[in-house]
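A.B. asks: Here's a sequence, model it:
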Amino acid sequence: MPTVEELYRNYGILANATEQVGQHKEAYQVILDGMKGGTKEKRLAAQFIPKFFKHFPELADSAINAQLDLCEDEDVSIRRQAIKELPQFATGENLPQVADILTQLLQTDDSAEFNLVNNALLSIFKMDAKGTLGGLFSQILQGEDIVRERAIKFLSTKLKTLPDEVLTKEVEELILTESKKFLDVTGEEFVLFMKILS
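C.D. replies: Here you go, the predicted model:
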């Protein structure tokens, strides 16, 4: 397991490589291995893994899995750091998966963590509303009760705060189509869905 010094050294290698970052796979692997270390190493890994993620597509699954493990760490400071950085993984086909993960993380009882999850979801919503909705609606359909409830609340409160360029006609139609699948809901959920649809 790499030490804090080794993590910083390998971070330096990647940061200084500019155009040739992708040629330093072993340095990135050391950073990925940081998630197996102690508290300090994990916090650094939670920061460094997303920073260079896009340069190593062949390690994408390992990087996302490492970050997810950090999102579930026992230490709240590590979890918060990992959650805060999650939107950096929301590129291309990874975005619905990141939205799905963030939606699952809405079940946290830690208020600061909950706010980080909300902010992360909003930031990826602005990148790709349709992809984010895919992740949210998959959890509303199949997630645990608390996740489902909080995902519906998220949509009912946050959608109206989004600018028009995010909530396009196409996105509104997707929300309408997906919401129709949930007509078998509780009274409270029905009210929330009506808020979403309005």
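
A.B. asks: residue contacts, residue 104?
C.D. replies: 139, 143, 147 (C-beta atoms under 8 Å, 6 or more residues apart in numbering). In short, each C-beta sits where N, CA and C put it, glycine included.

A.B. asks: contacting residues around the first one?
C.D. replies: If I follow you right, that is residue 139. Residue 139 makes contact with 100, 103, 104, 147, 148, 151, according to C-beta under 8 Å, 6+ apart.

A.B. asks: Return the distance of the first one relative to residue 178.
C.D. replies: With distances taken as C-beta to C-beta, to the nearest Å, residue 100 is found 14 Å from residue 178.

A.B. asks: Same check on the last one?
C.D. replies: Relative to residue 178, residue 151 is positioned 11 Å away (criterion: C-beta to C-beta).

A.B. asks: neighbour-wise, which of those two wins?
C.D. replies: Each of residue 151 and residue 178 has its neighbours counted (other C-beta atoms under 10 Å); residue 151 has more, 25 against 18.

A.B. asks: Helices of the protein, start to end?
C.D. replies: 4-16, 25-33, 39-52, 60-71, 76-85, 95-105, 111-127, 129-142, 145-158, 169-180, 187-197 (DSSP state H).

A.B. asks: Helix 111-127 and the fourth one, what's the angle between them?
C.D. replies: Interaxial angle of helix 60-71 relative to helix 111-127 (axes from the mean of the first three to the mean of the last three C-alpha atoms, to 10 degrees): 150 degrees.

A.B. asks: Repeat that for the second one.
C.D. replies: The directions of helix 25-33 and helix 111-127 differ by 140 degrees, with the same axes, to 10 degrees as the criterion.

A.B. asks: Over to the third one?
C.D. replies: Counting by the same axes, to 10 degrees, helix 39-52 points 10 degrees away from the direction of helix 111-127.

A.B. asks: Report the buried residues of helix 39-52.
C.D. replies: Within helix 39-52, the residues that count as buried by 16 or more other C-beta atoms under 10 Å are 41, 42, 43, 44, 45, 46, 47, 48, 49, 50, 51, 52.

A.B. asks: And the first one, by the same measure?
C.D. replies: Of the residues in helix 4-16, 6, 7, 10, 11, 13, 14 count as buried by neighbour count, 16+ other C-beta under 10 Å.
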